[in-house]
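S.K.: What follows is a predicted structure for the sequence shown.
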Amino acid sequence: MNRAARQRIRVERLDADRTGDFFSLHGTPPFEWCHCVAWEVPTWDGWGERTAAENRALRERLFAAGRYDGYLLYVDGAVAGWCQCGPRDGWPKLAAQFELAPDPGTWAVTCFCIRPEVRRQGLAGRLLHAILGDLRQHGVARVEGYPRSDDVHEDGEVWTGPRALFEHAGFQVVKEGRRLVMALELGAAASTGCPMPSPPSTPRL
């Protein structure tokens, strides 16, 4: 039995009780700067000049506003990965960059991070599989991802996920570019009764 098969793996939707785990992951290298707010700022202008403290403060304001768009991956009880996922219309910057028309029925898988010591064990695929299952159970009909168009790059360039990850999950390319737009139709499903967030009616903080 290989190591990945022996690991105890679970995926949890982020909520107010798990923000400490989020900051535990995003407070350590190589994730200690971004705090997964790249799509929350209005433009890329000045993005590289922001400090880790500024990005963390923005993430804290999002949490204070009740925004918990994502899922945490746990390996043997320790937080080991993260994927940002939420209603696509909640990220105007993302929609503008890919020239996407508003669509309240589409969700976006925007960012991944997996701790370096547990990479290349298929964990990102297991994380995405769990997310898609949860979205399907809650009636989400369509999901998009935005990987690089090639699969040859440094780990630091794979923050939106590798193309192969989405292909293995059944996503199809719907728009070409340096970063692709890939989509998966989940189909209708009955809600489990646990509500998912709706697209925000006001711009993000």
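M.R.: On my side now, so go ahead. Predicted model, so just to flag it, every value in this text is computed and none were measured.
S.K.: drop to CA atoms for contacts and neighbour counts, all remaining ones
M.R.: Will do.
S.K.: Tell me, please, where in this protein the pLDDT is lower than the cut-off.
M.R.: Along the chain, segments meeting pLDDT under 70 span 1-6, 151-157, 188-205.
S.K.: And stretch 163-177, what's buried?
M.R.: 163-166, 171-173 (16 or more other CA atoms under 10 Å).
S.K.: what do you get for stretch 91-110?
M.R.: For stretch 91-110, a neighbour-count test (16+ other CA under 10 Å) marks 91-95, 106-110 as buried.
S.K.: re the thing from before, would you mind putting the buried residues of stretch 163-177 into CSV with secondary structure and distance to residue 101 alongside?
M.R.: Shown next, in CSV, are the buried residues of stretch 163-177 (DSSP: H, G, I helix; E, B strand; the rest coil; distance: CA to CA, whole Å):
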residue, secondary structure, distance to residue 101
163, helix, 23
164, helix, 26
165, helix, 25
166, helix, 22
171, coil, 19
172, strand, 18
173, strand, 17
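S.K.: for the helix or strand harbouring residue 12, the distance to its chain's centre please.
M.R.: In this assignment (DSSP states H and E), residue 12 forms part of strand 9-13. Taking CA atoms, centre = their mean, to the nearest Å, one finds strand 9-13 lying 13 Å from the centre of the chain it belongs to.
S.K.: what does that strand rub up against?
M.R.: 70-77, 127, 130-131 (CA atoms under 8 Å, 6 or more residues apart in numbering).
S.K.: from the residues you listed, which two are the most distant?
M.R.: 70 and 76 (19.9 Å; CA to CA).
S.K.: neighbour count winner among those two?
M.R.: Remark: of residue 70 and residue 76, residue 70 carries more neighbours, 20 against 11, as counted by other CA atoms under 10 Å.
S.K.: Name the single longest helix found in the chain.
M.R.: What stands out as the longest helix in the chain, according to DSSP state H, is helix 123-137.
S.K.: Relative to the whole chain's centre, how far out is that helix?
M.R.: Worked out by CA atoms, centre = their mean, helix 123-137 lies 11 Å from the chain centre.
S.K.: I'd like to know which elements it is packed against.
M.R.: Counting by 3 or more CA pairs under 8 Å, 6 or more residues apart in numbering; DSSP states H and E, the packing neighbours recorded for helix 123-137 are strand 9-13, strand 78-87, strand 106-114.
S.K.: For the spatially most central residue of the chain, which non-adjacent residue is closest in space?
M.R.: The centroid of the chain falls nearest to residue 84 when counting by CA atoms, centre = their mean (2.2 Å). Once flanking residues are discounted, residue 84 sits nearest to residue 70: 4.1 Å by CA to CA, 6 or more residues apart in numbering.
S.K.: any idea how far the one you found is from residue 101?
M.R.: Using CA to CA, to the nearest Å, we find residue 70 at a distance of 22 Å from residue 101.
S.K.: cool, residue 15 as well?
M.R.: For residue 15, the distance to residue 101 - CA to CA - is 29 Å.
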